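Student: I would like to see how this sequence folds:
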Amino acid sequence: MKQLYTIVILLCLLAIGLTVSGQPDVRPRLLHVNENYLHAATHFNFPDTLFGNFRRQDVYSFDKQEHSIGVTYENFCGRTKTVFSIYLYPAGMAFEGRLRHEYQTSMQAVVNHTETELHARQYIFPYESKKYICNGIAALIKTDKHELAQMTLFEAGTWFYKIMITSDRADTVLLSDLRTKILQAFEPTELTDLVPLHKRISVYMQKSAFRDSVLLGSAMASAYRKIDWVMDNVERNVRATGFPDLYLNLHVAGLKAFMEFQHRENVAQSGQAWYRSPFTENYLRQLQLISNAGFLEEFVMDQYDMLLIIPKEITVQKYNDYLRWKSQHDIGIDLDDTFYILSFDTK
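Tutor: This is a model prediction of the structure:
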């Protein structure tokens, strides 16, 4: 066993209810602030004026302790208005998929509060400082009324950091330049420095992994392979900010280990000692079908809506080939239905 990390296997937990500890779905409380507002939990200071022409309009708290907050700034230039809001809130456990799940929740909230149809261009947006690299996901959002918005979400250790910018001007450069200024004034990596994540990784087995012994062994083999991949391929300054599950190759490595377990000599030749249910038989058959067709990478990309760090050698043409292949095959695997959850502990 490698000594670069500590693994905690919790096989006694048959089921785990993990939720992202984001902003509670409660009525926000308006805080009365006269001058600067210092967020005590993160030490971020929000002055009444920023960048010369943005005035602070509101400061909201989403909990009694003022841990989860939102601060809004506004600027009028002639008949146009530009508004940006910064949200800081606890991120909970640093489990695999945390950032993606919170981003999807945030995007759904945008959709729920918009009356017209939205068109979004989504992309990975990391932020790097001298000490840490925070992974982020961003979206450039347009409506049928030609309104423009930009949302960017980072995970930073034990915190989520979200920036929402809207403008009457359909100017993507304006939004990008403003986001750059905001990130220079409020660096997400400073949140990581408050409580960097520990190098110890916990493995939580889901109830679904206990259907049969082959499935449980395959899931554990996949989890171990992912841990090895992370420790071998991702630098400590990235791992300190969140579980680095945006890498396409991480998921591919885990799926390959999942398929390989059934072929181990002690499993393949042990007769009744290793049992596989019809569910596991079908699951492995479908994975093998995808792999044999040469589309394992494209399958993962499709499952995660392309919100991944993708190697340059993966081409759009091959992805389109996969979509055509998928239309001719019955694939029922959903990678969001996990058999285990990996998580970095906090120090």
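Student: May I see the buried residues of the helix or strand containing Ser218?
Tutor: Element membership for Ser218 (DSSP states H and E) is helix 213-233. For helix 213-233, a neighbour-count test (16 or more other Cβ atoms under 10 Å) marks 213-227, 229-230 as buried. The C-beta positions use only the backbone N, C-alpha and C, and glycine is treated the same way.
Student: what's the answer for stretch 102-115, then?
Tutor: 102-104, 106-107.
Student: Same list, those, but as TSV with secondary structure please.
Tutor: Below are the buried residues of stretch 102-115 laid out as TSV (DSSP: H, G, I helix; E, B strand; the rest coil):
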residue	secondary structure
Glu102	helix
Tyr103	helix
Gln104	helix
Ser106	helix
Met107	helix
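Student: Just name the closest of the residues you listed to Pro196, please.
Tutor: Glu102 (19.2 Å; Cβ to Cβ).
Student: I'd assumed Trp159 was in contact with that closest one.
Tutor: No. Between Glu102 and Trp159 there is no contact under Cβ atoms under 8 Å: 11.2 Å.
Student: what two of the buried residues of stretch 102-115 have the greatest distance between them?
Tutor: Maximum distance among those (Cβ to Cβ): 9.8 Å, for Glu102 and Met107.
Student: Can you get me a residue count around Val173?
Tutor: Neighbour count for Val173, taken as other Cβ atoms under 10 Å: 8.
Student: In a helix, it, correct?
Tutor: Yes. Assessed by three-state DSSP, Val173 belongs to a helix.
Student: Which pLDDT value goes with it?
Tutor: pLDDT, the model's per-residue confidence, is 93 for Val173.
Student: just Gly17 next, same as before
Tutor: 32.
Student: cool, and Asp345?
Tutor: pLDDT, Asp345: 82.
Student: Now do the SS call for it.
Tutor: Applying three-state DSSP: Asp345 is strand.
Student: Quick one: distance of the strand or helix carrying Thr180 to the chain centre.
Tutor: Assigned by DSSP H and E, Thr180 belongs to helix 172-185. What separates the centre of helix 172-185 from the centre of its chain is 22 Å, taken as Cα atoms, centre = their mean, to the nearest Å.
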